[in-house]
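>>> What would the 3D arrangement of this be:
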Amino acid sequence: MSIIEGTVDLTREFAQPIEAVFAAWASEEAQRAWGDPGKGWEMTFEQFRFAIGQTDICRFGPVGGQQYLNENRYLEIEAGKRIVYSTSLSSDGRLTFAGTVAVTFEEMDDGTRMRLVEQGLYFDGRDDVAGHRSGWEGMLAALGKYLLSGA
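Numbering: from 1, shown residues only. Okay, here's the model as predicted:
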């Protein structure tokens, strides 16, 4: 059994106001749009409860392939400023990742600067920081496209 710790720290700037960027995190419909893992993959929310002390439950994975269960429990939500949640991933009934995600929103003259920091533990070689970084980079790029669409 092994444990590896890692951090993903990404900052993105969007031309939209804080309210629009924050709303994309607070809405199940929005998260379904920009959180979609892409062609050949599927994602479903079993539960979406964006409120302190509540939990989102999401399943995702390649169509016909290995599925992942993601559970996020909201620890702090400060509208337009910060979202903090504990998160875990499991597959085949085994925990692969456990950590914390903090997302901050900062007003800029021409939009919003958003910073995402995910710190966590990767278990038994079944997950790694590079995969999480790549996943977040893809999702944040999709978030940017979602925001540009004016949805």
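
>>> mind checking the longest strand of the chain?
strand 94-108 (DSSP state E).

>>> then it to PDB, C-alphas only?
Provided in PDB are the C-alpha atoms of strand 94-108 (Å, rounded to 0.1, in the frame of the first residue of the first chain):
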ATOM      1  CA  ARG A  94     -11.400   1.300  -3.600                       C
ATOM      2  CA  LEU A  95     -10.400   4.800  -2.500                       C
ATOM      3  CA  THR A  96      -8.000   6.200  -5.100                       C
ATOM      4  CA  PHE A  97      -7.800   9.900  -3.900                       C
ATOM      5  CA  ALA A  98      -8.900  12.000  -1.000                       C
ATOM      6  CA  GLY A  99      -8.200  15.800  -0.600                       C
ATOM      7  CA  THR A 100      -9.400  19.300  -0.400                       C
ATOM      8  CA  VAL A 101     -10.200  21.800  -3.200                       C
ATOM      9  CA  ALA A 102     -10.300  25.600  -2.700                       C
ATOM     10  CA  VAL A 103     -11.500  27.900  -5.500                       C
ATOM     11  CA  THR A 104     -11.100  31.600  -5.100                       C
ATOM     12  CA  PHE A 105     -12.500  34.500  -7.200                       C
ATOM     13  CA  GLU A 106     -10.800  37.900  -7.600                       C
ATOM     14  CA  GLU A 107     -12.300  40.800  -9.500                       C
ATOM     15  CA  MET A 108     -10.100  42.300 -12.200                       C
END
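
>>> Tell me the helix or strand right after that strand.
Next helix or strand after strand 94-108 toward the C-terminus (DSSP states H and E): strand 111-123.

>>> surely residue 25 meets residue 34?
No: Residue 25 is beyond contact range of residue 34, at 9.3 Å (criterion: CB atoms under 8 Å). For every residue, glycine as well, the C-beta is placed using N, CA and C.

>>> Which one's more surrounded, these two?
Shown here are residue 25 and residue 34; by other CB atoms under 10 Å, residue 34 has more neighbours (20 against 17).
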